[in-house]
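1. no sequence on this one, just coordinates:
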């Protein structure tokens, strides 16, 4: 009985951690790709973020972001149609791209790196996402950017490699409210 | 007697023609293409060529101011006025067509990186509705440019084959009589 209690306490989210709700309207998950060396901005219209942390110790918190791959905005309707196809995101079979932080390291005041796995198209790859946490309107603004390689997730192959760069940058602004 | 323009201006004149034909052909093909790697290349090439026309224009105008020819010679007053008007409109469109294309590209959120190397500044912020307006204006200006180029060419051929007055030779050095 005592053992069970200890186990439960260890598993339970610490009492001082708080769940923060995403303000989707003010949050953004965007990306910049390069096609013919032209930086082209896009983003996702729908995503869910779950964050549970104690503001005094965010490094002990839990972070998870799920992105609806079909909500992609590439900047043009023809681009949106194209990247939903199997060669790109294959949104029918893989409707979600998910990042789950397994640990968070504090770099400096308000600056952290989330280590975890990013899963896109059924492929999970380790990812380190640096971000800042800024107090904003009673909540928090989590802001960061990281580089990705399309090839690592099998997004867009074949002839596209010739015109669309493998490297792309993801930028996120997540507004978290109590 | 000055029979025509000097070779730098002649070269730029024909280079501009080559560039606008290339831009027009690529631009027309783009209209009916579905998105593909080739289409992205065509977009880029179209913009590179258009920007080349734009950036060569000031040089052309400078050379043109240096090479002065009496354009009214041998023309009726209305012909001289029509010639000046068409030439003025051609220069204006050589400026307006690429500028409108650049504006459209900026408004659509796809910047121009000249030859894939030199990023050009965005003329306006991203605004899809505005991009549509610039697209219409770009196409309208292109149609006007094509019409005036055809008129310009027809007039040159008329001078050469009907009037035999050496006007075409000003821009075609090998037609000039040897001294």
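-> That came in fine, so what should we check first? Remember, it's a predicted structure, so these values are computed and weren't measured experimentally. Numbers count the residues shown, from 1 in each chain, chains lettered A, B, ... in the order given.

2. Regarding residue 140, what is its secondary structure?
-> No chain was given, so I picked chain A. At residue A:140 the chain is in strand, as set by DSSP: H, G, I helix; E, B strand; the rest coil.

3. wrong one, I was asking about chain B
-> Quick answer, by three-state DSSP: residue B:140 is helix.

4. Quick check: it vs residue B:90, distance?
-> Using CB to CB, to the nearest Å, residue B:140 is found at 16 Å from residue B:90. In short, each C-beta sits where N, CA and C put it, glycine included.

5. If you count surrounding residues, which of these two has more?
-> A direct count of neighbours by other CB atoms under 10 Å in any protein chain shown for residue B:140 and residue B:90 places residue B:90 higher, at 17 against 13.

6. got the contact list for that one?
-> Counting by CB atoms under 8 Å, 6 or more residues apart in numbering or on different chains, residue B:90 makes contact with B:145, B:148-149, B:152.

7. Tell me the one of those residues nearest chain A?
-> For these, the residue nearest chain A by CB to the nearest CB is residue B:145; the value is 25.2 Å.

8. May I have the secondary structure class of that closest one?
-> The three-state label given to residue B:145 by three-state DSSP is helix.

9. Now do the helices in chain B.
-> B:7-32, B:37-66, B:77-108, B:128-158 (DSSP state H).

10. would you turn those helices into TSV with distance to residue A:123 and mean pLDDT?
-> Listed next are those as TSV, based on distance: least, CB to CB, whole Å; pLDDT from 0 to 100:
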stretch	distance to residue A:123	mean pLDDT
helix B:7-32	34	96
helix B:37-66	23	96
helix B:77-108	32	97
helix B:128-158	33	97
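
11. how about the residues of chain A that lie near chain B?
-> A:35-41, A:75-76, A:78-79, A:81-82, A:159-160, A:162-164 (CB under 8 Å from any CB of the partner chain).

12. related to what we said a few turns ago, if we check chain A, which of the contacts of residue B:90 are in contact?
-> Contacts with chain A are made by none of the contacts of residue B:90, judged by CB under 8 Å from any CB.

13. ok so, going back, residue A:66: which of the helices of chain B is closest?
-> Closest to residue A:66 of those is helix B:128-158 (CB to CB; 27.7 Å).

14. Quick one: list the elements packing against the closest one.
-> When contacts are defined as 3 or more CB pairs under 8 Å, 6 or more residues apart in numbering or on different chains; DSSP states H and E, helix B:128-158 sits against helix B:7-32, helix B:77-108.

15. hey, which of these is tucked in deepest?
-> Stretch with highest mean neighbour count among the helices and strands packed on helix B:128-158: helix B:77-108 (a mean of 18; mean count of other CB atoms under 10 Å in any protein chain shown).
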